[in-house]
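*Asks:* Here is a sequence together with a model predicted from it:
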Amino acid sequence: DEDGSFVLGSQSVQVNNANPGLSLAGAAATNEGASYSLAITGSDVAADTLSYSIDWGDGSPAQVVTAAQLATLGGSVGHVFTDDQDGPVNTTARTITVTASDEDGGSTQATRVVDVNNVAPTLA
């Protein structure tokens, strides 16, 4: 007040972790046996360190990269889809699922569908 006296108080506040942001970019189609490049952009409001788990949707083991590794790769991760699925259609849709995780247990998923085109055999 105007006499210079005051009352000091406190209030408990719970701060919840915010999940990271995540976006994916890359071509909509690729040929079997060709290298596919997936651009991954992650963000975290608290500047937590992120890691990324990539399920390529083709039965291969999940690929895990750290934020530092992703930066070294220029923000893009490569993968070769070895074969389209056998059948009457010469293109197989593969759903790539990326999970971004922060060091506080928060996570976010994003997906990208890529058509893997059959490549005709060659004859010598």
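*Replies:* Structure received. Numbering: from 1, shown residues only.
*Asks:* give me every residue that touches the closest residue to residue 109 other than its chain neighbours.
*Replies:* Leaving aside its sequence neighbours, residue 109 sits nearest to residue 99 (CB to CB, 6 or more residues apart in numbering; 5.0 Å). No exception for glycine: its C-beta is placed from N, CA and C like everyone else's. Counting by CB atoms under 8 Å, 6 or more residues apart in numbering, residue 99 makes contact with 52, 53, 55, 107, 108, 109.
*Asks:* give the contact list for the first one.
*Replies:* In other words, residue 52. Residue 52 makes contact with 40, 42, 64, 65, 66, 67, 70, 77, 98, 99, 100, 101, according to CB under 8 Å, 6+ apart.
*Asks:* Show me which pair in those residues is furthest apart.
*Replies:* Farthest pair in the contacts of residue 52 (CB to CB) is 77 and 101. Separation: 15.6 Å.
*Asks:* As a check, name the ranges of all strands in this structure.
*Replies:* Ranges of strands in the chain, per DSSP state E, are 21-25, 29-31, 35-43, 50-55, 63-66, 76-80, 91-102, 107-117.
*Asks:* what comes up buried for stretch 19-39?
*Replies:* Within stretch 19-39, the residues that count as buried by 16 or more other CB atoms under 10 Å are 19, 20, 22, 24, 26, 30, 32, 36, 38.
*Asks:* I'd guessed the last one sits against residue 76; true?
*Replies:* Yes. The criterion here is CB atoms under 8 Å, and residue 38 meets it with residue 76 at 6.3 Å.
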